[in-house]
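Enquirer: No letters, just coordinates:
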């Protein structure tokens, strides 16, 4: 009933995946629920780490899956970079990738923002150098992932 209401009210459903609680948190376990509720937006936290490829597969196959990379840059910078590369290349559009701090204190939020900006800068620099993005496209992507996508997802 809750998911039907979320769909009716256009409210996204946030789910901690991966290290939030490792056992039973592989994003692929959500496949049936996601497919059964195509009008509900499912926001998968932490990029599903360590199952970043499973998260990418779900987001590729279902337009109602949104990946929130929150906390991942604090867990592992290299995993966050790999995940962001994979998400950029796998998703059909970049409106379903976002970032949030997922922290308890303002100090942690600042640290999380710094960690994510480091990851985002490195990944976008690599995408521009390889020719995957132009500089203008990378700048637009950075704005989308840092605030525009979340604003749109949560109707802010």
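Expert: Perfect, thanks for sending it. Just so it is clear, the structure is predicted and the values come from calculations on it, not from any experiment.
Enquirer: buried sites along stretch 54-69?
Expert: Under the neighbour-count criterion of 16 or more other Cβ atoms under 10 Å, stretch 54-69 has 54-60, 62, 64-69 buried. All C-beta atoms are positioned from the backbone trio N, CA, C, and that covers glycine.
Enquirer: my guess is residue 46 contacts residue 75, does it?
Expert: Yes - in this structure, residue 46 sits in contact with residue 75. The criterion is Cβ atoms under 8 Å, and the distance is 7.3 Å.
Enquirer: out of those two, which sits in the busier spot?
Expert: Relative neighbour count places residue 46 above the other of residue 46 and residue 75, with 28 against 15, counting by other Cβ atoms under 10 Å.
Enquirer: number of nearby residues for the residue nearest to that one when sequence neighbours are not counted?
Expert: Nearest residue to residue 46 in three dimensions, chain neighbours excluded: residue 18, at 4.5 Å (Cβ to Cβ, 6 or more residues apart in numbering). Around residue 18 sit 23 other residues, with neighbours defined as other Cβ under 10 Å.
Enquirer: cool, residue 122 as well?
Expert: When counting by other Cβ under 10 Å, one arrives at 16 neighbours for residue 122.
Enquirer: Please give me every residue in contact with it.
Expert: Residue 122 makes contact with residue 81 under the criterion Cβ atoms under 8 Å, 6 or more residues apart in numbering.
Enquirer: pLDDT wise, what is it at?
Expert: We note a pLDDT of 98 for residue 122 in this prediction.
Enquirer: Just the element for the residue lying closest to residue 124 once chain neighbours are set aside, please.
Expert: Residue nearest to residue 124 in three dimensions, not counting chain neighbours: residue 138, with 4.2 Å by Cβ to Cβ, 6+ apart. Taking DSSP states H and E as the criterion, the element that holds residue 138 is helix 135-143.
Enquirer: what's near enough to touch residue 57?
Expert: Contacts for residue 57 were tallied using Cβ under 8 Å, 6+ apart; they are 28, 90.
Enquirer: next one: phi and psi at it?
Expert: For residue 57, the backbone dihedrals are phi -60, psi -40 (criterion: degrees, to the nearest 10).
Enquirer: ok, it to residue 21 distance?
Expert: According to Cβ to Cβ, to the nearest Å, residue 57 and residue 21 sit 21 Å apart.
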